[in-house]
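Engineer: Next come a sequence and a model predicted from it.
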Amino acid sequence: MQDISGLPEAGQQLINGYGDGGFRISGVRHEGSVLVFPKETQAWDLTSIEELTLDHLKAVKEADPAVEILLIGCGANMAFIDEAIRNDFRAAGIVIDSMDSGAAMRTYNVLLLEGRRVAAALIAV
C-alpha cells in the first residue's frame, strides 16, 4: 500500500493510501471502490470504468455542500469519460477530470487541503 498522508482539518476525509483492492481514508481501511467527499466516504459499486453511468454518480450530484470538481480515478490507467456524462455534470456546474486512481487520490488531497469543494470517485486497484 502506498502512503500519501497529509494534515487535514478535523473530520476531513484525507486519502492516506491505496492498493490491495481498497483504500485507507482518514486511517480507516475501505475495501473496493469508493466515493470520497470532504466529510464522508461511501462504498461505490463500480469495478470497471467502462460500466460507468450517470446513476453511479448520483450521490455526487446530490452532495451538500455542492461539489464543484469531481475527480474520477479510473483504476490502474486513465480512461475517457462518456461525453453525455461530462455534459450532464457540466450543466450542473460540476467539472469532471479523469485520471488513474493514484493520480486522482493525490489531486483530491491537494484540492481538499486548499478548501475546494471536491469529490473523488475511485475504482480500486
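Structural biologist: Received the coordinates, thanks.

Engineer: Figure out how far the helix or strand harbouring Ala103 is from the centre of its chain.
Structural biologist: Under the assignment given by DSSP states H and E, the secondary-structure element containing Ala103 is helix 101-113. In terms of CA atoms, centre = their mean, to the nearest Å, the centre of helix 101-113 is found 8 Å from the chain centre.

Engineer: same deal with stretch 21-30?
Structural biologist: For stretch 21-30, the distance from its own C-alpha centre to the chain's C-alpha centre is 13 Å (CA atoms, centre = their mean).

Engineer: Would you mark the buried spots in it?
Structural biologist: 22-25, 30 (16 or more other CB atoms under 10 Å). No exception for glycine: its C-beta is placed from N, CA and C like everyone else's.

Engineer: number of nearby residues for Asp48?
Structural biologist: Wrong residue type there; residue 48 is Ser, not Asp. 11 (other CB atoms under 10 Å).

Engineer: err, Asp82, not the other one
Structural biologist: Around Asp82 there are 14 other residues, counting by other CB under 10 Å.

Engineer: likewise Val118?
Structural biologist: As a measure of burial, Val118 has 23 neighbours, counting by other CB under 10 Å.

Engineer: go on, Lys39?
Structural biologist: By the measure other CB under 10 Å, the count of residues near Lys39 is 11.

Engineer: How about the contacts made by it?
Structural biologist: 11-13 (CB atoms under 8 Å, 6 or more residues apart in numbering).

Engineer: Just the buried ones from those residues?
Structural biologist: The neighbour-count criterion (16+ other CB under 10 Å) marks 12-13 among those as buried.

Engineer: JSON lines for the contacts of Lys39, including pLDDT and secondary structure?
Structural biologist: Formatted as JSON lines, the entries for the contacts of Lys39 read as follows, by pLDDT from 0 to 100; DSSP: H, G, I helix; E, B strand; the rest coil:
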{"residue": "Gly11", "pLDDT": "81", "secondary structure": "coil"}
{"residue": "Gln12", "pLDDT": "95", "secondary structure": "coil"}
{"residue": "Gln13", "pLDDT": "97", "secondary structure": "coil"}
